[in-house]
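Novice: Show me the folded form of this:
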Amino acid sequence: MLLVVEINKLQLDLNQCTDLVRVGEQHERGHLIPARAIAKTKTLLSLGADENWAFDKAFQQLNPDCKVVGVDYQLSLSSIVSSALSCGVKSLQSVLFGRLKQSKHHIKALLNRVLLYAFYSSGNRLLRRRVSDHTNEVDISLETLIAVYGTIEDNATMLNISMSCDEYHMVDDIIKLESMLSVVTIELSPIPDCMSKVTQFIERMSEHFEVVHISGGGIGEVSQTPLELTFMNKRLSTSSK
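Specialist: Purely as a prediction, here's the structure:
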């Protein structure tokens with residue numbers, strides 16, 4: 001795992017962005033994003049919709065004109081309804097057996113599914129595809145995803161990704177279509193042991209994006225929080241000439 005001191009070293013090289021806004025609550029999986037990038041974005045492509053939808057909702061509240069496309073191979077509107085019904089049945093069973101604590105847990109899960117369904121059935125889109133290095137009926141490449149579902153306009157599409165070290169290859173597609181992107185937020189999990197992998201990834205992204213935010217979990221935590229990275233297109237940077 002990356003040591004806190006190593007993350008602090010990365011933070012020393014950050015672009016000093018003065019208009020960072022936290023999107024999402026502190027205890028949720030939120031990101032610090034430049035306000036100028038939020039205003040510029042017309043489409044948010046969110047990979048891993050089930051885990052990211054609270055962030056997606058918070059982002060859309062700040063920019064109501066932005067449409068959200070959630071991408072999740074294991075999620076569809078019908079599967080959300082099925083999951084909600086299952087939670088309702090489990091809650092009722094828990095009440096009948098006097099397990100009130102379990103019932104509250106299932107009710108909370110039921111409410112989450114209802115809100116999730118409402119979010120993606122009210123003008124946003126849920127795409128049941130698996131992001132891969134190619135495109136077919138099941139898979140979709142990042143290049144195709146951005147080109148087809150993003151906004152074909154300079155710096156108008158935001159990309160929100162949860163990824164592992166094995167998915168660093170996506171940086172090539174990100175850079176290939178960087179002119180369309182306003183900001184890229186990445187949750188890297190688990191945090192890798194090798195510092196060089198992270199620095200190489202950041203250096204590659206830094207060719208076209210300003211690194212405006214980096215944060216990660218502490219040492220010895222049982223459940224490590226992801227390494228959060230926010231990259232803003234250099235064309236939106238006030239330091240660009």
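
Novice: Show the pLDDT at the residue most central in space within the chain.
Specialist: The structure's the chain has its C-alpha centroid closest to N160; by Cα atoms, centre = their mean the separation is 3.4 Å. Model confidence at N160, given as pLDDT, is 92.

Novice: Can you show me the strands along this structure?
Specialist: For the chain, the strands defined by DSSP state E cover 20-23, 31-34, 43-47, 67-71, 125-127, 130-132, 139-141, 157-163, 181-188, 209-215, 227-233.

Novice: follow-up on the earlier one: mind listing the residues bridging to the residue nearest to the centre of the chain?
Specialist: Counting by DSSP bridges, N160 forms beta bridges with S46, T185.

Novice: residues in contact with it?
Specialist: 31, 44-47, 52, 55-56, 184-185 (Cβ atoms under 8 Å, 6 or more residues apart in numbering). Just so you know, the C-beta spots here come from the backbone N, C-alpha and C atoms, and that holds for glycine as well.

Novice: Break the protein down into its domains, please.
Specialist: Here the domain parsing of the chain from automatic domain parsing is 4-75+128-236, 79-125.

Novice: What mean pLDDT does the last one get?
Specialist: I take that to be domain 79-125. Mean predicted lDDT for domain 79-125 stands at 81.

Novice: now that domain, how far from the centre of its chain.
Specialist: From the chain centre to the centre of domain 79-125 is a distance of 23 Å (Cα atoms, centre = their mean, to the nearest Å).

Novice: Could you do the longest one as well?
Specialist: Domain 4-75+128-236 has its average C-alpha position 6 Å from the chain's average C-alpha position, going by Cα atoms, centre = their mean.
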